[in-house]
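Student: just coords:
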């Protein structure tokens, strides 16, 4: 049971049980995760502007994820190769953001049934008759859009 | 050749397979293999999150309106349950390294119990959406009070993303319950595969923490959309 008190910072590779970490580090991580969860719920109620709120929420989520990866998934105590794999994996997500550059710098392109004033018009419309902004048929809308363009 | 230079004690590790030089090399191979799988999972969920980001960006106001249909209290409860299950999972790994069979089994059982609790809460959440006719598809006919002023088309888009992404996550929870169950069977039967080597337990733990990671992002993205 002496491994229980083993300090992970003083580990060396000669130590056979260097993968045994103190329970207190897990408890602290869990406590921090709970506190961050309460903060993220609380911060969502405060108007900080859409960018402000999004940054706070995603910042807290990223912090929580980092804690889980470092302490629960033991990446902090992992070998360099494991660290490299973990970092490369998560690097993928922010890199995906470059895809958004296309949407940020261009107008949505017109397609025959697309109406700039009708949100979500990429979905089939007037399927039910009870929902949907427009009661117009697809043909009428197409015609209206084409008239609008030329 | 190198074997004489390495601590010979490592060669006698009971969990060591013959193709590996020593237990450290074997552990690293196991972990890098598991991380490769998780990189796949990150790429998979990353693409799904990208779709969410695009539509959320375009229809922010409608997403904000319709997100009130989701019960953030249930979401927060489930977040707490999953965070705790990650803790019980890491405790199972901890006791696996100490070869404490009973405590490992108890913590794995606790993790499974949390997973079932999560699914039961999700069942009630999904049930409410079906009741309010918010499930996307031909039966999407919510009353106006359940649209909260959102455009119906966008509301349906939001619900598609909600059911699609949380459904994929729930599928991962179900698979997690299965593999934790199999792991518990091994521990219960004192299979040397798990009792002599903690790495299999650690790898199941890594999977479970990954499922937790996905939910850490899903919770604010769906339940806490700012105005």
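Tutor: Yep, it's here. Only a predicted model underlies this, so the values are computations on that prediction, with no experimental measurement involved. Residues are numbered from 1 along each chain as shown, chains lettered A, B, ... in the order given.

Student: over to residue A:46: give its phi and psi.
Tutor: Dihedral angles phi and psi of residue A:46 (degrees, to the nearest 10) take the values phi -90, psi 120.

Student: could you measure from the residue lying closest to it once chain neighbours are set aside over to residue A:47?
Tutor: Leaving aside its sequence neighbours, residue A:46 sits nearest to residue A:53 (Cβ to Cβ, 6 or more residues apart in numbering or on different chains; 7.7 Å). To be clear about C-beta, it is placed using only N, CA and C from the backbone, and glycine gets the same treatment. Separation of residue A:53 from residue A:47 (Cβ to Cβ, to the nearest Å) stands at 7 Å.

Student: cool, residue B:116 as well?
Tutor: 38 Å.

Student: give me the domain ranges for chain A.
Tutor: Annotated domains of chain A cover A:2-105, A:107-150 [automatic domain parsing].

Student: tell me the average confidence for the shortest one?
Tutor: The reference is to domain A:107-150. The average pLDDT for domain A:107-150 rounds to 52.

Student: now stretch A:57-65
Tutor: Averaging pLDDT along stretch A:57-65 yields 95.

Student: which other helices and strands does the lengthiest helix in chain A contact?
Tutor: Counting residues, the longest helix found in chain A (DSSP state H) is helix A:23-44. On a contact count with 3 or more Cβ pairs under 8 Å, 6 or more residues apart in numbering or on different chains; DSSP states H and E, helix A:23-44 meets helix A:49-67, helix B:72-97, helix B:199-223.

Student: what is the least confident helix or strand in chain B?
Tutor: Sorting the helices and strands of chain B by mean pLDDT, DSSP states H and E puts helix B:8-11 at the bottom, at a mean of 50.

Student: any idea which helix or strand comes after that helix?
Tutor: helix B:23-58 (DSSP states H and E).

Student: now that following helix against helix A:49-67, angle please.
Tutor: For helix B:23-58 against helix A:49-67, the angle by axes from the mean of the first three to the mean of the last three Cα atoms, to 10 degrees is 170 degrees.

Student: what are the buried residues along helix B:23-58?
Tutor: Across helix B:23-58, burial judged by 16 or more other Cβ atoms under 10 Å in any protein chain shown covers B:23-24, B:26-28, B:30-32, B:34-35, B:38-39, B:41-42, B:45-46, B:48-49, B:52-53, B:55-56.

Student: which residues are in contact with stretch A:60-69?
Tutor: A:29, A:32-33, A:36-37, A:39-40, A:43, A:75, A:86, A:90, B:86, B:209, B:212-213, B:216-217, B:219-220 (Cβ atoms under 8 Å, 6 or more residues apart in numbering or on different chains).

Student: only whichever of the residues you listed are buried, select them in PyMOL.
Tutor: Applying 16+ other Cβ under 10 Å to the contacts of stretch A:60-69, the buried members can be selected in PyMOL as follows:
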select buried, (chain A and resi 29+33+36+37+40+43+75+86+90) or (chain B and resi 86+209+212+213+216+217+219+220)
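
Student: any idea which helix or strand carries the closest residue to residue B:31 other than its chain neighbours?
Tutor: Among residues not flanking residue B:31 along the chain, residue A:82 sits closest, at 5.0 Å (Cβ to Cβ, 6+ apart). Element membership for residue A:82, per DSSP H and E: helix A:80-96.

Student: stretch B:144-152 near chain A at all?
Tutor: Yes - applying Cβ under 8 Å from any Cβ of the partner chain, one finds stretch B:144-152 touching chain A at B:151, B:152.

Student: just how off-centre is that stretch within its chain?
Tutor: Remark: stretch B:144-152 is offset 31 Å from the chain centroid, using Cα atoms, centre = their mean, to the nearest Å.

Student: give me the buried positions along it.
Tutor: Result for stretch B:144-152 [16+ other Cβ under 10 Å]: buried residues B:146, B:147, B:150, B:151, B:152.

Student: what average pLDDT does that stretch get?
Tutor: For stretch B:144-152, the mean per-residue pLDDT is 89.

Student: surely residue B:105 is in contact with residue B:185?
Tutor: No - applying Cβ atoms under 8 Å, one finds residue B:105 not in contact with residue B:185, separated by 10.1 Å.

Student: comparing these two, which residue is more hemmed in?
Tutor: The neighbour count for residue B:105 versus residue B:185, taken as other Cβ atoms under 10 Å in any protein chain shown, is higher for residue B:105 (17 against 11).

Student: residues in contact with the more buried one?
Tutor: With Cβ under 8 Å, 6+ apart, residue B:105 has these contacts: B:184, B:187, B:188.

Student: rerun at 10 Å
Tutor: For residue B:105, the contact set (Cβ atoms under 10 Å, 6 or more residues apart in numbering or on different chains) comprises B:92, B:95, B:96, B:183, B:184, B:187, B:188.

Student: so which of those reach chain A?
Tutor: Among the contacts of residue B:105, proximity to chain A is found for B:95, B:96 (Cβ under 10 Å from any Cβ of the partner chain).

Student: for residue B:184, which non-adjacent residue is spatially closest?
Tutor: Closest to residue B:184 by Cβ to Cβ, 6+ apart is residue B:108, at 4.9 Å.

Student: let me redo that: residue B:227
Tutor: Per Cβ to Cβ, 6+ apart, closest to residue B:227 is residue B:64, 5.4 Å.

Student: ok, residue B:210 next?
Tutor: Per Cβ to Cβ, 6+ apart, closest to residue B:210 is residue B:38, 5.3 Å.

Student: what of residue B:221?
Tutor: The nearest residue in space to residue B:221 (Cβ to Cβ, 6+ apart) is residue B:52, at 6.4 Å.
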